[in-house]
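Visitor: can't give you the sequence, but here's the structure:
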Ligand SMILES: [Zn+2]
């Protein structure tokens, strides 16, 4: 009887710790010697990039203002909406009295990547929204979501990235169709788990046909950020990668382009 009890205790401790031990450490030597993989989760900026399709938003523009041939130096200038390409939504994007992009706490921009793959479900339903059950299923397979996680939703929508028409997927009455988080799932992540932020491989954390953006209100209202148009999520393991997010520092900005990369041990 005592033996059985000891066995149960050990297995329980092990399984309850799995989520927390998944993030292993990587040294600078590991990076230099390529003993780990660094994955860029950022799309390159160009004039074809997806941006939020509302009036006053515009494509990314770049022009050379000096060239090596003429001026002996190459230099360019660019213009872009904040919410274009791979970018961050600061908490003030949807809520008053929340930090702007320059005021994000740096510690919250580094953390374990928790990658939830719902691409199977999206194949049958392009308006699919992440459910609490999807999160429970993920935890059954991978352990509890680690504290300080950045949740990344792989919906498979990244396959459409190079085709803006297919990516925004507008119907005949001008509604957008793409997957997202449900407000229930967003509420669960804020109330029941300790997360730094969320991300997705589409134009918005709310699914395309949303007009009131409850997920943005829930996440931004809790002082957390959202990453949109995140690249290469299919290359990340469900858990174990560390994310580093480096957003542009626009004073008072509602968000902006962010370089995001993941270190996979
Ligand atoms: Zn945005």
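Guide: Right, received. Where do you want to start? Since the model is a prediction, treat every value here as computed from it, not as a measurement.

Visitor: how far away is whatever residue of the stretch 151-265 of the chain ends up closest to the ion from residue 155?
Guide: At 4.7 Å from the ion, residue 228 is the closest residue in the stretch 151-265 of the chain, using Cβ to the ion. Where you see a C-beta, it was placed from the backbone N, CA and C, and this is true even at glycine. Per Cβ to Cβ, to the nearest Å, residue 228 is found 12 Å from residue 155.

Visitor: Touching both of the two, which residues are there?
Guide: 200, 202 (Cβ atoms under 8 Å, 6 or more residues apart in numbering).

Visitor: wait, residue 197 sits on residue 220?
Guide: No. Taking Cβ atoms under 8 Å as the definition, residue 197 is not a contact partner of residue 220, at 10.0 Å.

Visitor: tell me, what's touching those two both at once?
Guide: Both residue 197 and residue 220 are in contact with residue 226, where contact means Cβ under 8 Å, 6+ apart.

Visitor: can you give me phi and psi for the closest residue to the ion within the stretch 51-200 of the chain?
Guide: For the stretch 51-200 of the chain, the residue positioned closest to the ion under Cβ to the ion is residue 83, at a distance of 3.5 Å. According to degrees, to the nearest 10, the main-chain angles of residue 83 amount to phi -100, psi 60.

Visitor: Now do the contacts for it.
Guide: Residues near residue 83 by Cβ under 8 Å, 6+ apart: 51, 52, 57, 89, 93, 228, 254, 255.

Visitor: In helices, which of those residues appear?
Guide: Counting by DSSP state H, none of the members of the contacts of residue 83 fall within helices.

Visitor: Make JSON lines out of those and add distance to residue 132 and neighbour count.
Guide: Compiled in JSON lines, the contacts of residue 83 are given as follows (distance: Cβ to Cβ, whole Å; neighbours: other Cβ atoms under 10 Å):
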{"residue": "51", "distance to residue 132": "31", "neighbour count": "20"}
{"residue": "52", "distance to residue 132": "27", "neighbour count": "16"}
{"residue": "57", "distance to residue 132": "32", "neighbour count": "13"}
{"residue": "89", "distance to residue 132": "22", "neighbour count": "28"}
{"residue": "93", "distance to residue 132": "24", "neighbour count": "22"}
{"residue": "228", "distance to residue 132": "22", "neighbour count": "23"}
{"residue": "254", "distance to residue 132": "29", "neighbour count": "19"}
{"residue": "255", "distance to residue 132": "27", "neighbour count": "27"}
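
Visitor: got the residues you listed as TSV, with pLDDT columns?
Guide: Supplementary listing: these in TSV, determined by pLDDT from 0 to 100:
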residue	pLDDT
51	88
52	91
57	94
89	98
93	98
228	98
254	98
255	98
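
Visitor: Among the residues you listed, find me the one that's closest to residue 210.
Guide: Sorting the contacts of residue 83 by distance to residue 210 puts residue 52 at the head of the list, at 12.6 Å, by Cβ to Cβ.

Visitor: What's the separation between that closest one and residue 85?
Guide: For residue 52, the distance to residue 85 - Cβ to Cβ - is 11 Å.

Visitor: The longest strand belonging to the chain pairs with which strands, parallel or anti?
Guide: Ranked by number of residues, the top strand in the chain under DSSP state E is strand 255-264. Its sheet considered, strand 255-264 pairs with strand 37-40 (antiparallel), strand 87-89 (antiparallel), strand 241-247 (antiparallel) by DSSP bridges.

Visitor: so how far is that strand from its chain's centroid?
Guide: From the chain centre to the centre of strand 255-264 is a distance of 8 Å (Cα atoms, centre = their mean, to the nearest Å).

Visitor: Any buried residues in it, and which?
Guide: By neighbour count with 16 or more other Cβ atoms under 10 Å, strand 255-264 contains the buried residues 255, 256, 257, 258, 260, 261, 262, 263.

Visitor: Residues in a beta bridge with the spatially most central residue of the chain, which ones?
Guide: Averaging the C-alpha coordinates of the chain gives a centre point, and the residue nearest to it by Cα atoms, centre = their mean is residue 199 (2.1 Å). Here residue 199 shows beta-bridge partners residue 152, residue 227, assigned using DSSP bridges.
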